[in-house]
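Visitor: coords please:
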Amino acid sequence: MGFVEMQGEIVLSAFWDFDALFQPQDHPAREMQDTFYLDQTEPMPEGWEKVRDMHLSGGETTSTGWGGVWDPEVAQKCVLRTHTTPLSVKYLISHPNPPVKAFALGRVYRREAIDPTHLPEFEQLEGIVMDDGVSFRHLLGFLKEFYNRMGFDEVRFRPGYFPYTEPSVEPEVWVDGLGWVELGGAGIFRQEVTAPWGIDTPVLAWGLGISRIAMLRLGLKDLRQLYRSDIEWLRESPAIRRQE
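Guide: Numbering: from 1, shown residues only. This next block holds a predicted model:
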């Protein structure tokens, strides 16, 4: 579909994992029960002051920011990345001129209770499209095309909320026997995310759970089966190939 692949680190500062994505420093996702914090810090990148100002007052945009207090020491703490979206921000900073179409397949980490549909580490498919004139309708079109190519004929979208996109949606696919299954989140990056880096072109963005897609396509009932070293299961399970 014309995308190039992004790469990035698993260990990131909270600045990249949260602050650069306009998640306030008192956001519940930043608490210990959701995030793996490490006993190390990382220096702030050049231009971090604009992100701070965005949180405090909205910087030079029409936003009013979050207000409150913004602590650089909190932003320097290192975490195991909780999503792949920081890769998109870093890629846009190094590729600020449209058009841009990029994706990443990466593992992320969260303090989840282990059960048949949740694990503390899993994979995400990250994607961005930046170009003049792209709109919310283009975003829905990309997502529908992607899921169609994965073998899901029925796709729908419902409104969602994420601190770094507006408007936001959660795509769902129809699975016989299960009904509608939510598979990720998407939206258009807010100006609070792009403006600190001098980007004023619309950016479509999404983060999709590919482990759950694999689970559904293989007909599994337990997500943990994807990660077990069971050679007999691998031999007996047919490979899934896309229909041309």
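Visitor: what's the neighbour count on Glu73?
Guide: 8 (other Cβ atoms under 10 Å). Heads up, the C-betas are built off the backbone N, CA and C, glycines and all.
Visitor: which of the three states applies to it?
Guide: helix (DSSP: H, G, I helix; E, B strand; the rest coil).
Visitor: ok, now the one 5 residues further on?
Guide: What three-state DSSP gives for Cys78 is strand.
Visitor: any idea what it is bridged to?
Guide: Cys78 has these beta-bridge partners by DSSP bridges: Ser13.
Visitor: surely it touches Phe36?
Guide: No: contact status for Cys78 versus Phe36: not in contact, 9.7 Å apart, counting by Cβ atoms under 8 Å.
Visitor: settle it for me: which of the two has more neighbours?
Guide: When Cys78 and Phe36 are compared for neighbours, Cys78 comes out ahead with 20 against 16, by other Cβ under 10 Å.
Visitor: and Gly65, what does it touch?
Guide: By Cβ atoms under 8 Å, 6 or more residues apart in numbering, the residues touching Gly65 are Asp53, Met54, His55, Leu56, Ser57, Gly58, Gly59, Glu192.
Visitor: now with 7 Å, please.
Guide: Going by Cβ atoms under 7 Å, 6 or more residues apart in numbering, Gly65 touches Met54, His55, Leu56, Ser57, Gly58.
Visitor: dump these to a markdown table, plus secondary structure and neighbour count.
Guide: Converted to a markdown table, the contacts of Gly65 look like this (DSSP: H, G, I helix; E, B strand; the rest coil; neighbours: other Cβ atoms under 10 Å):
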| residue | secondary structure | neighbour count |
| --- | --- | --- |
| Met54 | helix | 25 |
| His55 | helix | 23 |
| Leu56 | helix | 15 |
| Ser57 | helix | 14 |
| Gly58 | coil | 17 |
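Visitor: now do the end-to-end distance for stretch 61-77.
Guide: Using Cα to Cα, to the nearest Å, one end of stretch 61-77 lies 27 Å from the other.
Visitor: ok, stretch 86-104 next?
Guide: By Cα to Cα, the extent of stretch 86-104 from end to end equals 11 Å.
Visitor: what mean pLDDT does it get?
Guide: What stretch 86-104 shows for mean pLDDT is 96.
Visitor: stretch 22-35 now?
Guide: The pLDDT scores in stretch 22-35 average 82.
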